[in-house]
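Participant: next input, structure requested:
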Amino acid sequence: MQVGLLTITIHLHAIASLKDKRRIVKSLVERLRSRFHCAAAEIDAQNSKLIAQIGLAVVSNDGHLINRQLDLIADFVRQDGRFVVGRMGREIFAANDDYPLEFSN
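Facilitator: You can find the predicted model right below:
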């Protein structure tokens, strides 16, 4: 199993209040979850009107599939016209399969 993480910093302009920012961020997060079946959330800068940081996770057994999915997500976010995309960070982790998944009660 592999896990892909993507962090995206977005810069919002002409935002009058935190309520306006949260509306845009919530919309983006919901669209990402729905369209790409990934875990997504605002992870930092919740009290700033000008920036937001979004974190996403994708799980698969195929690293190429994860990279492709993260590329599609990045392109989707860049095409949204409500903000400017800043820094994007990507990491892919492989889970350790050295021990069996057995559970006892």
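
Participant: so who does the residue most central in space within the chain touch?
Facilitator: Nearest residue to the geometric centre of the chain (Cα atoms, centre = their mean): residue 56, 2.5 Å. Counting by Cβ atoms under 8 Å, 6 or more residues apart in numbering, residue 56 makes contact with 5-8, 32, 36, 38-40, 70, 73. (C-beta placed from N, C-alpha, C; glycine too.)

Participant: for residue 16, see how far away it is.
Facilitator: Residue 56 is 27 Å from residue 16, where distance means Cβ to Cβ, to the nearest Å.

Participant: check residue 22 too.
Facilitator: 12 Å.

Participant: before we move on, what about residue 78?
Facilitator: Counting by Cβ to Cβ, the gap from residue 78 to residue 16 is 24 Å.

Participant: of the two, which one has the most company?
Facilitator: residue 78 (12 against 8; other Cβ atoms under 10 Å).

Participant: identify the bridge partners of the closest residue to the more buried one other than its chain neighbours.
Facilitator: Spatial nearest neighbour of residue 78, excluding adjacent residues (Cβ to Cβ, 6 or more residues apart in numbering): residue 85 at 5.2 Å. With DSSP bridges as the criterion, residue 85 is bridged to residue 10.
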